[in-house]
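*Asks:* here's a sequence, model it:
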Amino acid sequence: MIPQGNQETDLDALPFPRRDLTAHYRNSYFSEWMRPLASVRTSKGCLFRCKFCALWKLTKGRYLPRRPECIVEELGTIEEKCVFFADDESLLDTKRMGVLADLIQKAGIKKRYFLYGRSDTVAKHPSLIEQWKKVGLERVFVGLEFMRDADLKLLRKGSTAENNKTAVKVLKSLGIDIYPTFIVRPEFDRSDFADLRRYCLDLDLNFIGFPVLTPLPGTDLFNEVKDKPVTSNYDYFDFFHTLLPTTLPMKDFYKELTTLYRRSRSLKNRINLMCRYPIRELPSLFRSYGDFLKRLDTLEQDYVANGKG
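*Replies:* Numbering: from 1, shown residues only. Below you'll find the model as predicted:
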C-alpha cells in the first residue's frame with residue numbers, strides 16, 4: 001500500500017493549468033529534441049529519503065497522487081504531441097501507473113512521454129515499462145547516481161549498483177532513451193574518475209550527466225556538512241560548482257570532471273545522440289557544448305576570483 005495525502009492536499013481538486021494563457025509561446029517549450037512539449041504533474045512527493053534531495057520534505061514525507069482518470073482527462077486537453085511528467089518520482093506507485101497506461105491506451109491518446117523513474121523500479125517492473133512503451137514512453141530520466149553500493153548507501157539512495165545495470169538493460173531492450181546522471185563526489189580522486197569513465201563506457205550510454213554533489217538547503221546532507229562549505233554564494237548552487245572541499249586540487253578536479261564529459265561515451269554513442277536532433281540545430285549544439293566544456297574546465301578560477309582558491 002502506498003501512503004497518500006489527505007483531502008487538504010488533494011491534487012485532483014486543483015483546476016487544470018490555463019495553457020491558453022501561454023498559447024503564443026507554447027511552440028517554444030521543449031526538452032532537447034522533444035518539441036513542442038507540455039508538462040503535466042501526475043503526483044507530488046516521494047517515499048524515499050535520499051540525503052541530497054529536499055523534495056520529500058516539501059510534502060512532509062507524503063506521496064500525493066492524482067487519479068489516473070483525472071490525468072487522462074487533462075491529457076485529452078493538450079495539443080502538444082510531447083508530454084513531460086513533471087513529478088518528483090513518476091513510477092513510485094507501479095499499480096497506479098499501470099492503470100494510467102491502460103486508460104491512455106483505451107482513450108486512444110497518442111503522445112510521446114518523458115518521465116522520471118528510479119532504477120530499482122525500472123529493474124523490478126520491466127513489464128510496466130513495456131506497457132508504457134506501447135502507449136508512447138520515449139525517454140526516462142533516471143538518477144543512477146553512483147557505480148558503487150557504498151556510495152548509494154551513504155546517501156540513502158535505496159537502490160543498488162545491480163539495479164542500475166538492470167535498469168539500463170531493460171530500457172535499452174525496449175528502445176527507450178535513457179537520460180541518466182551520476183553524482184560526482186568532491187572526495188573523488190583520479191582513480192575514482194577513471195573508474196567512472198570506464199563504467200560509463202561499459203554501460204554504452206548515449207547521454208550522461210555528471211552533477212557535482214550539492215548540499216541543497218533543506219536536505220539532510222546540508223545539515224550534515226553545513227560547517228564545511230568552501231562558499232555560501234548561492235550563484236554556485238548549480239550542480240557544477242563544488243560547495244565542499246575537494247580531495248584533488250580544485251583545478252585538477254575540474255579537469256577530471258571535464259574529461260568525464262569528453263570521454264565517457266564512445267563515438268558511436270555521440271553520433272546516436274546527435275541523430276535525435278534536426279540537422280539544422282547541430283551547428284549551434286556543437287558550439288554550445290564546446291562552450292560548456294571550456295567553461296567547466298576553468299570553473300576553479302571562480303573560486304580564486306572570490307578568494308576561495
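
*Asks:* now the closest residue to residue 10 other than its chain neighbours, what are its backbone angles?
*Replies:* Leaving aside its sequence neighbours, residue 10 sits nearest to residue 64 (CB to CB, 6 or more residues apart in numbering; 8.0 Å). Yep, even glycine has a C-beta here, placed from its N, CA and C like the rest. Dihedral angles of residue 64 (phi, psi; degrees, to the nearest 10) stand at phi -120, psi 100.

*Asks:* tally of neighbours for residue 64?
*Replies:* Residue 64 has 19 neighbours, counted by other CB atoms under 10 Å.

*Asks:* who's it bridged to?
*Replies:* Residue 64 has these beta-bridge partners by DSSP bridges: residue 44.

*Asks:* so it is in contact with residue 44, correct?
*Replies:* Yes. Proximity of residue 64 to residue 44 meets the contact threshold set by CB atoms under 8 Å, at 4.5 Å.

*Asks:* overlap in contacts, those two.
*Replies:* Listed contacts common to residue 64 and residue 44 are residue 11; contacts here mean CB atoms under 8 Å, 6 or more residues apart in numbering.

*Asks:* where along the stretch 201-309 of the chain do the helices fall?
*Replies:* Remark: helices assigned in the stretch 201-309 of the chain by DSSP state H, counting those that start in this stretch are 220-225, 250-263, 267-274, 282-297, 300-305.

*Asks:* so which of the ones you listed is the most packed in?
*Replies:* Counting by mean count of other CB atoms under 10 Å, helix 250-263 has the highest mean neighbour count of these, with a mean of 19.

*Asks:* outline the domain layout of the protein.
*Replies:* Following automatic domain parsing, the chain resolves into domains at 1-182, 184-309.

*Asks:* just those domains: most buried one?
*Replies:* Comparing those by mean count of other CB under 10 Å gives domain 1-182 as most buried, with a mean of 17.

*Asks:* now residue 296: how far from residue 285?
*Replies:* Applying CB to CB, to the nearest Å, the value for residue 296 to residue 285 is 16 Å.

*Asks:* need phi/psi at residue 38.
*Replies:* Recorded main-chain torsions at residue 38 are phi -110, psi 140, according to degrees, to the nearest 10.

*Asks:* list the contacts for it?
*Replies:* With CB under 8 Å, 6+ apart, residue 38 has these contacts: 19, 26, 29, 78, 79, 80, 82, 83, 84.

*Asks:* most widely separated two among those residues?
*Replies:* Maximum pairwise distance in the contacts of residue 38, criterion CB to CB, is 14.7 Å, between 79 and 84.

*Asks:* what about the strands in the stretch 101-250 of the chain?
*Replies:* Counting by DSSP state E, counting those that start in this stretch, the segments of the stretch 101-250 of the chain that form strands are 112-116, 137-145, 177-182.
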